[in-house]
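1. give the three-dimensional model of this entry:
(one chain, ligands or ions: 1)
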Amino acid sequence: MSAFANYFTHLECSQTGDHYDHRQAQNLSKAGKPLLARYDFETAKSRLDRDEIAARDGGFWKWRELLPVKEDKDVAALGEVDTPLIDVPATAKASGATGRVIVKDEGRLPTGSFKARGLGLAVSMAHAFGIKRMAMPTNGNAGAALSAYCSRMGMESYCFAPEDTPEANLREMALQGAKVYKVNGYIHHCGALVGAGKEKMGWFDVSTLKEPYRIEGKKTMGIELACQMGWTLPDAIFYPTGGGTGLIGMWKAFDELERLGWIGSERPKMIAVQAEGCAPIVKAWHEGSEHAEEWLDAQTAAMGIRVPKAIGDFLILRACKQSGGFAIDVSEAHIEAARTRCAREDGLLLCPEGAATLAAMEKAIADGLIEPDATSMLFNCGSGLKYAMPDAAGTLDRHAEIDWDAL
Ligand SMILES: *Cc1c(COP(=O)(O)O)cnc(C)c1O
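-> Below you'll find the predicted structure:
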């Protein structure tokens, strides 16, 4: 039982609108599309007080009434926090911005990335359904969050990662209890293995958007940022887009907040950021297509956005369009330059995916796609500490005379 009211009513196919039973575990709809959680916000609206909820502890778990998890015993918690909004004035100035540029630093969450939000929810719901074994394809951070939350809840996890996934991620997953396999392919090839092994291994497939609850976790980014900005929204949100769960989730959150009467009808421009070496959504955006083709020979150091094929492509593209936003790609050199600049000038270490959003903002201002005085929010979705960094340390021999002028 729980002290929190629950308003979750059903699941809905994101393409056809057909309803699905939320009292049993679900993957994709019959149409092969993601399922979205729906709630009775009419009732919730008259009962919930946003300021009372905002004053709670518990990070994203404080929004329990807006989430699907019913019972306290199913809540997977590892010390979640509200992630800080950090202004980066020096970087903003150097990027041509005259408005506020804010980094939402998701690296502060358990396991060091915003994957904690999605997997915290997905693992909790799986626990409620009595699922004992979970599996997923991962570029690193998702697997880390899955393994941690599964272990926390006494569940098994299997992670399949491209063979060039950063070592820190692979070892973290394994140490936190997952069975980890390196696969000679991209993340969607790993996803195919998860699908192929399902029957024999009896695991639940928790791939991006192939179950309905990771998006519910990721939507808390939208609720949290609105709350932190006094129930207003920025002019533009730059989101590093792989599978797009966070972008779709925040877009969903803004709609739900409006139904609750917690915000008005204003919306930020939703901007999907990808790397030039893997930009299927950007290509589809420029072609005006509803779906994105698979990107061949995907290459970028920003592993979290190296996703050649996204099942929620049409939902990402739709949110960009409806919000007056767009999709934009940036070069590897620009990503690296942005990471270096933010670290040196504002003291904030971004992950490469986060640095991509900074590079994209700079490019968008230069190309006249957003106004220089816009309030922009950049998502630093993971801790910069898990990625390779340039080796720039000198060496000193403490027994020799030190040439201080040369330091
Ligand atoms: C997963 C991930 C992304 C992409 O997130 P989606 O919501 O799946 O598009 C971006 N950056 C990092 C660091 C990630 O781990």
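2. residue of the stretch 201-350 of the chain closest to the ligand, please.
-> In the stretch 201-350 of the chain, the residue that lies nearest the ligand is residue 304 (2.5 Å; C-beta to the nearest ligand atom). Where you see a C-beta, it was placed from the backbone N, CA and C, and this is true even at glycine.
3. what score does that residue have for pLDDT?
-> pLDDT, residue 304: 94.
4. tally of neighbours for it?
-> 27 (other C-beta atoms under 10 Å).
5. could you look up the SS state of it?
-> Assigned with DSSP: H, G, I helix; E, B strand; the rest coil, residue 304 falls in the helix class.
6. what's near enough to touch the closest residue to it other than its chain neighbours?
-> Excluding the flanking residues, the one nearest residue 304 by C-beta to C-beta, 6 or more residues apart in numbering is residue 353, at 4.5 Å. The contact partners of residue 353, taken as C-beta atoms under 8 Å, 6 or more residues apart in numbering, are 240, 302-305, 380-382.
7. mind listing what's buried in stretch 70-85?
-> For stretch 70-85, the neighbour count (16 or more other C-beta atoms under 10 Å) marks 70, 74-77, 80, 82-83, 85 as buried.
8. tell me which two of the contacts of residue 353 sit farthest apart.
-> Taking C-beta to C-beta, the two most distant members of those are 303 and 380; they sit 14.6 Å apart.
9. show me where pLDDT drops low in this protein?
-> Along the chain, segments meeting pLDDT under 70 span 1.
10. tell me which parts of it are close to the ligand?
-> Contact residues, the chain versus the ligand (C-beta under 6 Å from any ligand atom): 113, 115, 141-142, 208, 240-246, 304-305, 351, 353, 381-382.
11. narrow these to those in strands?
-> With strands taken from DSSP state E, the overlap with the residues of the chain next to the ligand comprises residue 240.
12. in the stretch 1-150 of the chain, what residue lies closest to the ligand?
-> Residue of the stretch 1-150 of the chain nearest the ligand, by C-beta to the nearest ligand atom: residue 141 (3.4 Å).
13. got the contact list for that residue?
-> Applying C-beta under 8 Å, 6+ apart, we find residue 141 in contact with 111-115, 169, 304, 381-382, 386.
14. nearest to residue 13 among the residues you listed?
-> Nearest member of those to residue 13, counting by C-beta to C-beta, is residue 115, at 24.8 Å.
15. can you give me the helices for the stretch 1-150 of the chain?
-> If DSSP state H, counting those that start in this stretch is used as the criterion, the helices of the stretch 1-150 of the chain fall at 41-47, 50-54, 89-94, 115-128, 141-152.
16. can I get these in a markdown table including distance to residue 339?
-> Below are the helices of the stretch 1-150 of the chain laid out as a markdown table (distance: least, C-beta to C-beta, whole Å):
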| stretch | distance to residue 339 |
| --- | --- |
| helix 41-47 | 40 |
| helix 50-54 | 32 |
| helix 89-94 | 10 |
| helix 115-128 | 20 |
| helix 141-152 | 17 |
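17. tell me where the stretch 201-350 of the chain has helices.
-> According to DSSP H, counting those that start in this stretch, the stretch 201-350 of the chain carries its helices in the segments 214-218, 220-228, 245-259, 280-287, 313-322, 332-346.
18. packed most tightly, which of these would that be?
-> helix 214-218 (a mean of 29; mean count of other C-beta atoms under 10 Å).
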